[in-house]
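1. Got a predicted structure plus its sequence, pasted below:
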Amino acid sequence: MSLLCDENSVLLLRQYVKKLTEFLSLYTWIIDAYVSDFFTKDHWNGVPLFWKDCLTDTEPPELVWLLTQDSLPSKMYPLSLLAFRQCTQTFSLPRSQQEVKVEDLLQLSSAREKKSGNDHIPNSHKASESDQGYTEYLRKHVKPKKLHEINHLGKTLRALGNVCDCQNIVDVGAGQGHLSRYLTFQHGFKVTTVEAEGCHAPKAQKYDRDAQRQIRKVKEQRGSENQSEADLPNHVTCYITADTTEGEFLDIVQRSFDRTTCSTSSNRDSEPRDSKSTPPQSKSKKSNAFSNLEQRDDRTTCQFNCLDSRKKARLMCDTSCLETTCSKCSVNPCDKWPCSDCDKCKQNLCSSFCQKCQSSSLNMSTAQDNHILNENEVCCENLKLALHTEKAENGAIRTNKCEKCIVSDNASVTNEGKEGSLGYQVLSFLGRGDISTRQHFLLTGLHACGDLTPTMLRVFTSCPDIQGLASVGCCYMKLSTAKNLETEPVGYPMSEFVQQLPHSALSYEGREMACHFADSYIQRLKDNPPALKLHCYRAALQWVVLQLQPDFVTGAQKLSMRKAENLSFIQYANQGLKRLGLSSEIPDDILEEASRFLEQWRQVVIFYSLRLSVSPVVESLILLDRQLYLYEQGVSSHLVPIFDPMTSPRNFVLLARK
C-alpha cells in the first residue's frame, strides 16, 4: 500500500505521526537497549512483571505472533502486551511489494497544474530500439539483491520520467554505477552519477565500456550497428555534505549535462566541414576529454589544467584513463589527446587548492604564464593560489576570486525572484544563468546512506531544475540529530511538525534498530535453530569482557565469527576475546558465572523479539517525517514499498515531482 501526503491527507498523517511518537515514548526502555547488554544492564528486570510471568517459558516459535499479523498468540497474554503488539502492527507502514503506476504519480500534481486545473499528460519515452533487450549484459558484477533493486527502481524512474517529461537523471551515491548503467541502456536516460568514493568511478566507467562493447558486438552480428547508441553515464566524484548548497550541486550537474550535450552533438554532427575544421575523429576525442571534468574530495575540486599545443587553450584532462595516477589527489589523469603533449600531465601534477575557500584554483605559475592575474590580486591571503577561470559562450571569464568567495558575495545581494536565488547567481556567473538553456533532471538515490538522503530532499525542494525525486534511504543510525548536532541542518527530524512534537527524539540505538528486519527473523523463530542461542552467547561475552576490563568501550568494534553456531560458549568466548584484542584466558570463577547465564537464552530471544517488533515503527517515523518535510516545502509525495522486503528490507521509495 502506498501512502500519499498532500493537502487532502496531511492532517490525518500528522495525527498518525503524533500518536506514533507518543507510543514510542512509552517504550524507550526497550528501544534504547542493546541485546548485548542484556546481562550487564539487567534488561530482563525492565520488562513488566506480568509480561515476564507469561513469557519466561515461551519457546521461540510461539513468539512469531509478536512480529506479524498473520499469527495468533498460542495462549492468554496480559492485555497490555496484546495492546503493545497491536500498536506495533498499526504504526508500522505496510511493507508488501507494490508496483508504481503512472496513475499514482499523476496524483502528485504541482501547484501550477492545480491552479490551471490541468494534469500533465505524460509523454512515453523508451530506450533506443537498439539498446532494448540487452539486459543480460548489464547483470555482470551485479548481485541478485542489487539486480532486484535496480530492476524495480528503474521501472519506477521510467514512469516518473514519463510523467515529468524528463530524460536526464542524477544518481546520488551511485557506487559502481549499476543503476546508472541500467537506466542508460534499458530505459534510455542520460545519467550523471555523483559518488563520494573516488575508487568507484574508474570501475563504473570500465563496466560501462564493457557493456557498451558487448552490446555493440551483438548489434554487428545482427546487422544493426548503424542504429543509435546510448550515451554512457557521466561519473562525477563529489563529497556531498549536509550543508552543500543548491548552487554547488547545480554547478556540478549542469557542467556534466553541458559536456554530455556537447559530446552527443559532436558524435552526431553530420554537417559538412571545411578543410580547417577539426576532423571527425579528433572532434570526438575532444568531446570525450571533457566527460569527467569534475573530481571532488572533501568538497574540494581537483582539475587537471592542461595546455593544448595546437589551440593554446586551457583544457581539462579526461580522468577516465587508468594508466597513471596523480600523486597528490589520486585522480587518474588522461594521457590521451588533447593532453599527450602536456608536461603537467606527464609529471602527474594537479592544480593547487584554496584550502580556506575549499574551492578549485589554478596553479600560480600557470596563471602567470597566461597573464591572468598577479599574486597580489587573489582573494585568500593565507594561500595566494586561488584563481578561478571559467569559459562561457562569449569567451573566457577571468576573476580574482575563487568560486566560494564569489558565491558568498552574490548571496549578500537581496534580489527578488530568480535573480535572488543562490543557484541562479552561481549559474549566471558560469554562463548558464538562462533557465531556458539549462536542462531539467530527476534526482534519485538507491540506499543513499545517512544524511545523504535528507540532503537530497533539501536540494530537490530548492532547485527548480529538479523535476522529480525517487529516494530510497538506509543507515538511519548515521543521521545527524539535534542531540549530536554539529552542523545545520540535521538529518532527523526534518519537518517542523515533528521537531515541535515533545516525544520525537530518537536515540542512536533506536535509529540503528530501525535498520533491522523483523520478517527475516520470523522464519528463524519458526525453525528454532541452535543459532538462536548466539544472542545469549554475545550477551554473556559482554559480561565477561567487562569483568576482565571494566573500562572497555563496548560497541566500538563489531564482533562477527564464521559458523559461530557450531561453537561451544568457551570456544566462542575465546575467539571473541582475541578479536577484541584481549587475552583469551578466562579465570575459572568468571567462566563459571558466565556459563550460568546460558540457561537464560530463551529470555534473551524474547527480549530481542520484543525489541525487533518496534523496529518498523521507528523506520515509519523517519520516513513519514521526510514526507511531512516535503509537504511543508509545497511538494506532495508518495511513499511506496517497491522492493520485495525479503530481498531488500529497506524497500520504501519516496516519490515526488514538481
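-> That came through fine. Every value quoted in this text rests on a predicted model; they were computed, and no experiment measured them. Numbering: from 1, shown residues only.
2. what residue ranges in this protein score low on pLDDT?
-> Judged against pLDDT under 70, the low-scoring parts of the chain cover residues 109-134, 224-227, 254, 256-438, 483-487, 555-556.
3. Tell me how many other residues crowd residue 209.
-> Other residues lying near residue 209 total 12 when counted by other C-beta atoms under 10 Å. All C-beta atoms are positioned from the backbone trio N, CA, C, and that covers glycine.
4. Now for it: which residues touch it?
-> Contacts for residue 209 were tallied using C-beta atoms under 8 Å, 6 or more residues apart in numbering; they are residue 232.
5. in terms of contact, does residue 439 touch residue 192 like I think?
-> No: the criterion here is C-beta atoms under 8 Å, and residue 439 misses it with residue 192 at 10.2 Å.
6. more crowded one of these two?
-> The neighbour count for residue 439 versus residue 192, taken as other C-beta under 10 Å, is higher for residue 192 (26 against 17).
7. A strand includes the more buried one, no?
-> Yes: secondary structure assignment (DSSP: H, G, I helix; E, B strand; the rest coil) places residue 192 inside a strand.
8. Near the closest residue to residue 190 other than its chain neighbours, how many other residues are there?
-> Distance criterion C-beta to C-beta, 6 or more residues apart in numbering; nearest residue to residue 190, sequence neighbours excluded, is residue 168 at 5.1 Å. By other C-beta under 10 Å, the residues close to residue 168 number 21.
9. tell me the contacts of residue 640?
-> Applying C-beta under 8 Å, 6+ apart, the residues contacting residue 640 are 2-3, 98, 100, 104, 156, 652-653, 655.
10. Dihedrals phi and psi, it?
-> According to degrees, to the nearest 10, the main-chain angles of residue 640 amount to phi -130, psi 130.
11. and it, bridged to which residues?
-> When bridges are taken as DSSP bridges, the partners of residue 640 come out as residue 653.
12. outside of the helix or strand harbouring residue 453, which residues touch it?
-> Using DSSP states H and E, residue 453 maps to helix 452-462. With contact meaning C-beta under 8 Å, 6+ apart, helix 452-462 is reached by 172-173, 240-242, 244, 246, 249, 423, 443, 445, 448, 466, 469, 471, 473, 479, 489-492, 494, 626, 629-630, 633-635, 654, 656.
13. CA atoms of it as CSV?
-> The C-alpha atoms that make up helix 452-462 are tabulated as CSV, following Å, rounded to 0.1, in the frame of the first residue of the first chain:
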residue,chain,number,x,y,z
LEU,A,452,22.8,11.9,2.1
THR,A,453,19.1,11.3,1.7
PRO,A,454,17.9,14.4,3.7
THR,A,455,20.4,16.4,1.8
MET,A,456,18.9,15.2,-1.5
LEU,A,457,15.5,16.2,-0.3
ARG,A,458,16.6,19.7,0.6
VAL,A,459,18.4,20.1,-2.7
PHE,A,460,15.3,18.8,-4.5
THR,A,461,12.9,21.3,-2.9
SER,A,462,15.3,24.3,-3.5
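14. can you offset everything so residue one is 38?
-> In the new count, where the first residue is 38, that last one comes out as helix 489-499.
15. quick one: the nearest residue to residue 144 once chain neighbours are set aside and residue 690, what's the gap?
-> Using C-beta to C-beta, 6+ apart and skipping the chain neighbours, the partner closest in space to residue 144 is residue 41 (6.0 Å). To residue 690, residue 41 is 13 Å away according to C-beta to C-beta, to the nearest Å.
16. and what of residue 497?
-> Separation of residue 497 from residue 690 (C-beta to C-beta) stands at 14 Å.
17. Neighbour count for those two, which is higher?
-> Here residue 497 and residue 690 are set side by side on neighbour count (other C-beta under 10 Å), and the busier one is residue 690, at 28 against 24.
18. Help me confirm that the more buried one comes into contact with residue 508.
-> Yes: between residue 690 and residue 508 there is a contact under C-beta under 8 Å: 6.8 Å.
19. can you tell me which helix in this structure is longest?
-> In the chain, assigned by DSSP state H, the helix with the most residues is helix 638-669.
20. Show me which parts of that one are buried, residue by residue.
-> With burial defined by 16 or more other C-beta atoms under 10 Å, the residues of helix 638-669 counted as buried are 638-668.
21. Could you do stretch 48-58 as well?
-> Using 16+ other C-beta under 10 Å as the test for burial, stretch 48-58 gives 50-51, 53-55, 57-58.
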